[in-house]
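[1] I need the structure of the sequence given here:
(one chain, ligands or ions: 4)
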Amino acid sequence: AAKLAGKNIFRFFDPAHDRSIRGFHENIACLSEALTEHEFELYYQPKVNLASREVVGFEALIRWNHPEKGVLTPGHFLPDIEGNMLMVEIGAWTIRQSLMQLEHWQRSGLYAPISVNISAIHLQQKNFMDALEAILLDFPSVEPKYLEFEVLETSAIENIEQVQLIIRHCNDLGIGFAIDDFGTGYASLSYLRNIPAKTIKIDQSFVKNMGDESEDRLILVGVIGLAKAFRKSIIAEGLEDMQYANLLLELGCECAQGYGIAYPMRAEDIPAWTEEWRSEALLAHGYFN
Ligand code: C2E
Ligand code: MG
Ligand code: MG
Ligand code: MG
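    Residues are numbered from 1 along each chain as shown. Ligands and ions are numbered 1, 2, ... in the order given. Take a look at the predicted model:
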(Lines give C-alpha, C1' and ligand atoms only; values in the text may rest on other atoms or scores of the structure.)
(Ligands and ions follow the chains in the order given, each with its own letter.)
Protein backbone atom coordinates (compact mmCIF):
# COMPACT_ATOMS: atom_id res chain seq x y z
CA ALA A 1 0.00 0.00 0.00
CA ALA A 2 2.88 2.29 0.84
CA LYS A 3 4.31 1.66 -2.57
CA LEU A 4 0.99 2.51 -4.17
CA ALA A 5 0.68 5.70 -2.19
CA GLY A 6 4.23 6.52 -3.13
CA LYS A 7 3.36 5.99 -6.73
CA ASN A 8 0.41 8.29 -6.38
CA ILE A 9 2.51 10.93 -4.74
CA PHE A 10 5.10 10.56 -7.47
CA ARG A 11 2.43 11.01 -10.10
CA PHE A 12 1.10 14.05 -8.26
CA PHE A 13 4.52 15.67 -8.42
CA ASP A 14 4.85 15.31 -12.16
CA PRO A 15 6.84 18.50 -12.93
CA ALA A 16 4.59 19.89 -15.65
CA HIS A 17 1.51 19.17 -13.62
CA ASP A 18 3.08 20.63 -10.50
CA ARG A 19 3.97 23.90 -12.18
CA SER A 20 0.44 24.55 -13.28
CA ILE A 21 -0.97 23.66 -9.87
CA ARG A 22 1.50 25.86 -8.07
CA GLY A 23 0.75 28.70 -10.47
CA PHE A 24 -2.92 28.34 -9.80
CA HIS A 25 -2.53 28.35 -6.02
CA GLU A 26 -0.12 31.27 -6.18
CA ASN A 27 -2.62 33.30 -8.15
CA ILE A 28 -5.38 32.52 -5.69
CA ALA A 29 -3.11 33.45 -2.78
CA CYS A 30 -2.10 36.72 -4.45
CA LEU A 31 -5.67 37.71 -5.19
CA SER A 32 -6.82 36.72 -1.74
CA GLU A 33 -4.11 38.94 -0.31
CA ALA A 34 -5.12 41.75 -2.65
CA LEU A 35 -8.61 41.56 -1.17
CA THR A 36 -7.42 41.75 2.44
CA GLU A 37 -4.90 44.47 1.55
CA HIS A 38 -7.69 46.59 -0.01
CA GLU A 39 -6.03 46.62 -3.42
CA PHE A 40 -9.32 46.29 -5.29
CA GLU A 41 -11.28 49.34 -6.32
CA LEU A 42 -14.53 49.79 -8.18
CA TYR A 43 -14.56 52.12 -11.16
CA TYR A 44 -17.91 53.34 -12.42
CA GLN A 45 -19.06 53.77 -16.00
CA PRO A 46 -22.15 55.88 -16.70
CA LYS A 47 -25.14 54.57 -18.65
CA VAL A 48 -27.30 57.18 -20.28
CA ASN A 49 -30.58 57.53 -22.12
CA LEU A 50 -29.63 58.95 -25.52
CA ALA A 51 -33.10 60.42 -26.10
CA SER A 52 -33.76 62.12 -22.76
CA ARG A 53 -30.03 62.45 -21.97
CA GLU A 54 -30.78 61.24 -18.47
CA VAL A 55 -28.09 59.35 -16.54
CA VAL A 56 -29.78 56.00 -15.96
CA GLY A 57 -27.11 54.38 -13.81
CA PHE A 58 -23.52 53.36 -13.31
CA GLU A 59 -21.86 50.00 -13.84
CA ALA A 60 -19.35 49.01 -11.18
CA LEU A 61 -16.19 47.57 -12.80
CA ILE A 62 -13.48 46.08 -10.65
CA ARG A 63 -9.85 47.20 -10.87
CA TRP A 64 -6.78 45.87 -9.09
CA ASN A 65 -4.36 48.54 -7.94
CA HIS A 66 -1.38 46.23 -8.20
CA PRO A 67 1.60 47.39 -6.09
CA GLU A 68 4.03 46.87 -8.99
CA LYS A 69 1.99 46.56 -12.17
CA GLY A 70 -0.35 49.51 -11.63
CA VAL A 71 -4.08 49.47 -12.39
CA LEU A 72 -5.17 46.10 -13.78
CA THR A 73 -8.50 45.49 -15.54
CA PRO A 74 -10.44 42.31 -14.69
CA GLY A 75 -9.32 40.50 -17.83
CA HIS A 76 -5.88 40.25 -16.18
CA PHE A 77 -6.97 38.52 -13.01
CA LEU A 78 -10.61 37.38 -12.88
CA PRO A 79 -10.11 34.43 -15.28
CA ASP A 80 -7.58 33.00 -12.77
CA ILE A 81 -10.24 32.64 -10.11
CA GLU A 82 -13.29 31.83 -12.19
CA GLY A 83 -15.15 29.05 -10.43
CA ASN A 84 -13.13 29.52 -7.24
CA MET A 85 -14.70 30.46 -3.92
CA LEU A 86 -12.54 33.58 -3.86
CA MET A 87 -14.82 34.85 -6.62
CA VAL A 88 -17.70 34.63 -4.15
CA GLU A 89 -15.76 36.64 -1.57
CA ILE A 90 -14.82 39.27 -4.11
CA GLY A 91 -18.43 39.36 -5.28
CA ALA A 92 -19.68 39.98 -1.75
CA TRP A 93 -17.08 42.73 -1.37
CA THR A 94 -18.28 44.29 -4.64
CA ILE A 95 -21.91 44.35 -3.51
CA ARG A 96 -20.97 45.84 -0.14
CA GLN A 97 -18.72 48.42 -1.76
CA SER A 98 -21.46 49.44 -4.20
CA LEU A 99 -23.98 49.87 -1.40
CA MET A 100 -21.45 52.00 0.47
CA GLN A 101 -21.01 54.11 -2.65
CA LEU A 102 -24.77 54.47 -3.09
CA GLU A 103 -25.11 55.58 0.51
CA HIS A 104 -22.34 58.11 0.02
CA TRP A 105 -23.69 59.51 -3.26
CA GLN A 106 -27.25 59.66 -1.98
CA ARG A 107 -26.14 61.66 1.05
CA SER A 108 -24.87 64.29 -1.39
CA GLY A 109 -28.05 64.16 -3.48
CA LEU A 110 -26.88 61.90 -6.32
CA TYR A 111 -29.49 59.21 -6.97
CA ALA A 112 -28.80 56.66 -9.70
CA PRO A 113 -28.59 52.88 -9.58
CA ILE A 114 -25.33 50.95 -9.54
CA SER A 115 -25.14 47.67 -11.41
CA VAL A 116 -22.83 44.95 -10.18
CA ASN A 117 -21.50 42.07 -12.27
CA ILE A 118 -22.27 38.77 -10.58
CA SER A 119 -20.26 35.66 -11.45
CA ALA A 120 -21.88 32.31 -12.13
CA ILE A 121 -20.36 30.64 -9.10
CA HIS A 122 -21.52 33.45 -6.82
CA LEU A 123 -25.06 33.33 -8.15
CA GLN A 124 -25.16 29.58 -7.59
CA GLN A 125 -24.23 29.69 -3.91
CA LYS A 126 -27.00 28.14 -1.85
CA ASN A 127 -26.89 31.04 0.59
CA PHE A 128 -26.77 33.76 -2.08
CA MET A 129 -30.06 35.34 -0.97
CA ASP A 130 -29.35 35.11 2.76
CA ALA A 131 -25.92 36.64 2.32
CA LEU A 132 -27.35 39.38 0.10
CA GLU A 133 -30.09 40.22 2.58
CA ALA A 134 -27.53 40.36 5.38
CA ILE A 135 -25.46 42.91 3.42
CA LEU A 136 -28.57 44.96 2.62
CA LEU A 137 -29.38 45.15 6.34
CA ASP A 138 -26.09 46.95 6.89
CA PHE A 139 -27.25 49.75 4.59
CA PRO A 140 -30.79 50.56 5.80
CA SER A 141 -30.81 53.98 4.15
CA VAL A 142 -30.26 52.58 0.64
CA GLU A 143 -33.36 51.27 -1.11
CA PRO A 144 -32.48 47.97 -2.84
CA LYS A 145 -34.00 49.29 -6.07
CA TYR A 146 -30.78 51.29 -6.51
CA LEU A 147 -28.86 48.04 -6.83
CA GLU A 148 -28.90 46.00 -10.05
CA PHE A 149 -27.16 42.81 -11.05
CA GLU A 150 -25.64 41.86 -14.38
CA VAL A 151 -25.19 38.21 -15.23
CA LEU A 152 -23.68 36.69 -18.31
CA GLU A 153 -26.15 34.99 -20.58
CA THR A 154 -24.29 31.68 -20.20
CA SER A 155 -24.28 31.73 -16.40
CA ALA A 156 -27.99 32.48 -16.34
CA ILE A 157 -28.72 29.61 -18.65
CA GLU A 158 -26.66 26.85 -17.09
CA ASN A 159 -28.77 26.62 -13.99
CA ILE A 160 -32.00 28.04 -15.25
CA GLU A 161 -34.39 26.93 -12.50
CA GLN A 162 -32.21 28.04 -9.62
CA VAL A 163 -31.39 31.30 -11.35
CA GLN A 164 -35.07 31.96 -12.05
CA LEU A 165 -35.82 31.66 -8.33
CA ILE A 166 -32.99 33.96 -7.35
CA ILE A 167 -33.94 36.58 -9.91
CA ARG A 168 -37.58 36.49 -8.76
CA HIS A 169 -36.53 36.76 -5.15
CA CYS A 170 -34.28 39.73 -5.99
CA ASN A 171 -37.07 41.32 -8.01
CA ASP A 172 -39.31 41.06 -4.93
CA LEU A 173 -36.69 43.04 -3.02
CA GLY A 174 -36.58 45.59 -5.84
CA ILE A 175 -33.28 44.47 -7.37
CA GLY A 176 -33.46 44.07 -11.14
CA PHE A 177 -31.30 41.86 -13.34
CA ALA A 178 -29.68 42.49 -16.68
CA ILE A 179 -28.41 39.84 -19.08
CA ASP A 180 -24.87 40.92 -19.96
CA ASP A 181 -23.09 40.47 -23.30
CA PHE A 182 -26.36 39.38 -24.88
CA GLY A 183 -25.94 37.67 -28.22
CA THR A 184 -22.63 35.98 -27.44
CA GLY A 185 -24.11 33.03 -25.53
CA TYR A 186 -25.55 29.96 -27.13
CA ALA A 187 -29.22 29.72 -26.25
CA SER A 188 -30.31 33.32 -26.48
CA LEU A 189 -33.72 33.02 -27.96
CA SER A 190 -35.65 30.25 -26.25
CA TYR A 191 -34.36 31.15 -22.82
CA LEU A 192 -35.31 34.80 -23.03
CA ARG A 193 -38.85 34.02 -21.97
CA ASN A 194 -37.62 31.97 -18.99
CA ILE A 195 -35.29 34.51 -17.46
CA PRO A 196 -37.16 37.16 -15.45
CA ALA A 197 -34.47 39.75 -16.16
CA LYS A 198 -35.67 43.28 -16.84
CA THR A 199 -32.85 44.36 -19.09
CA ILE A 200 -30.81 43.09 -21.98
CA LYS A 201 -27.34 44.46 -22.57
CA ILE A 202 -26.37 44.05 -26.20
CA ASP A 203 -22.78 42.93 -26.48
CA GLN A 204 -20.34 45.55 -27.67
CA SER A 205 -19.21 43.45 -30.63
CA PHE A 206 -22.53 44.12 -32.37
CA VAL A 207 -22.46 47.80 -31.49
CA LYS A 208 -18.92 48.40 -32.76
CA ASN A 209 -19.68 47.47 -36.34
CA MET A 210 -23.19 48.79 -36.72
CA GLY A 211 -22.14 51.66 -38.98
CA ASP A 212 -21.87 49.77 -42.19
CA GLU A 213 -24.63 47.57 -43.56
CA SER A 214 -23.04 44.64 -41.81
CA GLU A 215 -24.40 41.42 -40.39
CA ASP A 216 -23.73 42.86 -36.94
CA ARG A 217 -26.18 45.61 -37.77
CA LEU A 218 -28.79 43.00 -38.67
CA ILE A 219 -28.17 41.19 -35.38
CA LEU A 220 -28.58 44.49 -33.55
CA VAL A 221 -31.92 45.07 -35.25
CA GLY A 222 -33.01 41.54 -34.40
CA VAL A 223 -31.98 41.72 -30.75
CA ILE A 224 -33.71 45.06 -30.27
CA GLY A 225 -36.90 43.65 -31.79
CA LEU A 226 -36.68 40.57 -29.62
CA ALA A 227 -36.13 42.60 -26.45
CA LYS A 228 -39.16 44.74 -27.28
CA ALA A 229 -41.30 41.69 -27.93
CA PHE A 230 -40.38 40.34 -24.51
CA ARG A 231 -40.86 43.77 -22.92
CA LYS A 232 -37.30 44.03 -21.73
CA SER A 233 -35.35 47.24 -21.41
CA ILE A 234 -32.40 47.36 -23.68
CA ILE A 235 -28.99 48.96 -23.48
CA ALA A 236 -26.16 49.00 -26.00
CA GLU A 237 -22.65 48.38 -24.69
CA GLY A 238 -19.44 49.70 -26.19
CA LEU A 239 -20.73 52.85 -27.87
CA GLU A 240 -17.37 54.33 -28.81
CA ASP A 241 -18.45 56.75 -31.50
CA MET A 242 -21.23 59.18 -30.63
CA GLN A 243 -22.00 59.45 -34.33
CA TYR A 244 -23.77 56.14 -33.88
CA ALA A 245 -26.02 57.47 -31.13
CA ASN A 246 -28.66 58.61 -33.62
CA LEU A 247 -28.50 55.32 -35.43
CA LEU A 248 -29.12 53.45 -32.17
CA LEU A 249 -32.12 55.70 -31.50
CA GLU A 250 -33.46 55.04 -34.99
CA LEU A 251 -33.13 51.32 -34.38
CA GLY A 252 -35.14 51.73 -31.17
CA CYS A 253 -32.39 51.43 -28.57
CA GLU A 254 -32.50 54.43 -26.25
CA CYS A 255 -29.87 53.57 -23.66
CA ALA A 256 -26.15 53.17 -24.10
CA GLN A 257 -22.85 52.86 -22.35
CA GLY A 258 -19.39 53.22 -23.85
CA TYR A 259 -16.19 55.18 -24.20
CA GLY A 260 -18.01 57.65 -26.48
CA ILE A 261 -20.08 58.70 -23.47
CA ALA A 262 -17.58 58.16 -20.68
CA TYR A 263 -14.78 55.84 -19.67
CA PRO A 264 -15.09 53.93 -16.41
CA MET A 265 -13.81 56.31 -13.73
CA ARG A 266 -12.98 56.49 -10.08
CA ALA A 267 -15.94 57.02 -7.77
CA GLU A 268 -14.71 60.46 -6.74
CA ASP A 269 -14.92 61.69 -10.36
CA ILE A 270 -18.54 60.65 -10.86
CA PRO A 271 -20.36 63.59 -9.21
CA ALA A 272 -18.49 66.19 -11.30
CA TRP A 273 -18.99 64.15 -14.49
CA THR A 274 -22.70 63.81 -13.74
CA GLU A 275 -23.11 67.52 -13.12
CA GLU A 276 -21.35 68.35 -16.36
CA TRP A 277 -23.37 65.80 -18.35
CA ARG A 278 -26.62 67.14 -16.89
CA SER A 279 -25.81 70.76 -17.64
CA GLU A 280 -24.82 69.87 -21.19
CA ALA A 281 -28.07 67.94 -21.50
CA LEU A 282 -30.02 70.98 -20.36
CA LEU A 283 -28.15 73.12 -22.88
CA ALA A 284 -28.84 70.64 -25.64
CA HIS A 285 -32.53 70.77 -24.81
CA GLY A 286 -32.46 74.55 -25.06
CA TYR A 287 -33.44 75.34 -21.49
CA PHE A 288 -30.71 77.97 -21.30
CA ASN A 289 -31.31 79.58 -24.69
P1 C2E B 1 -18.82 43.77 -18.93
O2 C2E B 1 -19.66 43.59 -17.73
O3 C2E B 1 -19.43 43.46 -20.24
O4 C2E B 1 -18.30 45.27 -18.85
C5 C2E B 1 -18.05 46.06 -19.97
C6 C2E B 1 -16.59 46.10 -20.31
O7 C2E B 1 -16.41 46.83 -21.50
C8 C2E B 1 -15.73 46.80 -19.26
O9 C2E B 1 -14.44 46.22 -19.31
C10 C2E B 1 -15.66 48.22 -19.81
O11 C2E B 1 -14.55 48.95 -19.35
C12 C2E B 1 -15.57 47.95 -21.28
N13 C2E B 1 -16.08 49.05 -22.11
C14 C2E B 1 -16.99 49.98 -21.80
N15 C2E B 1 -17.23 50.80 -22.84
C16 C2E B 1 -16.43 50.37 -23.83
C17 C2E B 1 -16.21 50.83 -25.18
O18 C2E B 1 -16.79 51.79 -25.66
N19 C2E B 1 -15.31 50.11 -25.93
C20 C2E B 1 -14.64 49.03 -25.42
N21 C2E B 1 -13.78 48.41 -26.23
N22 C2E B 1 -14.84 48.58 -24.17
C23 C2E B 1 -15.71 49.25 -23.40
P24 C2E B 1 -13.67 45.80 -17.99
O25 C2E B 1 -13.87 46.81 -16.92
O26 C2E B 1 -12.28 45.45 -18.40
O27 C2E B 1 -14.43 44.49 -17.54
C28 C2E B 1 -14.43 43.33 -18.33
C29 C2E B 1 -15.40 42.32 -17.81
O30 C2E B 1 -15.00 41.85 -16.52
C31 C2E B 1 -16.80 42.85 -17.60
O32 C2E B 1 -17.48 42.88 -18.82
C33 C2E B 1 -17.36 41.88 -16.60
O34 C2E B 1 -17.82 40.72 -17.25
C35 C2E B 1 -16.14 41.53 -15.78
N36 C2E B 1 -16.18 42.30 -14.53
C37 C2E B 1 -15.86 43.59 -14.31
N38 C2E B 1 -16.01 43.92 -13.02
C39 C2E B 1 -16.47 42.80 -12.40
C40 C2E B 1 -16.84 42.49 -11.05
O41 C2E B 1 -16.80 43.33 -10.14
N42 C2E B 1 -17.24 41.21 -10.80
C43 C2E B 1 -17.31 40.27 -11.78
N44 C2E B 1 -17.72 39.04 -11.44
N45 C2E B 1 -16.98 40.54 -13.04
C46 C2E B 1 -16.57 41.79 -13.36
MG1 MG C 1 -21.45 44.06 -17.09
MG1 MG D 1 -21.04 43.39 -21.19
MG1 MG E 1 -18.10 41.57 -21.22
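[2] any idea whether residue 239 is helix, strand or coil?
    Secondary structure, DSSP: H, G, I helix; E, B strand; the rest coil: residue 239 is coil.
[3] The one 5 residues further on too?
    State at residue 244, reduced to three classes by three-state DSSP: helix.
[4] Assess the claim that it and residue 210 are in contact.
    Yes. Under the criterion of CB atoms under 8 Å, residue 244 makes contact with residue 210 at 6.1 Å. Where you see a C-beta, it was placed from the backbone N, CA and C, and this is true even at glycine.
[5] Those two: which has the busier surroundings?
    Counted by other CB atoms under 10 Å, residue 244 and residue 210 do not tie: residue 210 has more neighbours, with 23 against 20.
[6] May I ask which helix or strand encompasses the more buried one?
    Residue 210 belongs to no helix or strand when assigned by DSSP states H and E.
[7] From residue 229, how far out is the closest residue in space to it that isn't next to it in sequence?
    Residue nearest to residue 210 in three dimensions, not counting chain neighbours: residue 217, with 4.7 Å by CB to CB, 6 or more residues apart in numbering. The gap separating residue 217 from residue 229 is 19 Å, by CB to CB, to the nearest Å.
[8] Mind checking which of those two has more residues around it?
    Taking other CB under 10 Å, residue 217 and residue 229 do not tie; residue 217 has more neighbours (17 against 10).
[9] Which residues does the residue nearest in space to the middle of the chain form beta bridges with?
    Central residue of the chain (CA atoms, centre = their mean): residue 117, 3.0 Å from the mean position. Residue 117 has these beta-bridge partners by DSSP bridges: residue 150.
[10] Spell out which residues of this protein are next to ligand 3.
    180, 181, 237 (CB under 5 Å from the ion).
[11] just checking, the last one touches residue 207?
    Yes. The pair residue 237 / residue 207 is scored as a contact, 6.2 Å apart, by CB under 8 Å.
[12] intersection of neighbour lists for these two?
    The contact sets of residue 237 and residue 207 overlap at 256, 258 (CB atoms under 8 Å, 6 or more residues apart in numbering).
[13] who's more crowded, the two?
    With neighbours defined as other CB under 10 Å, residue 237 and residue 207 compare such that residue 207 has more, 26 against 21.
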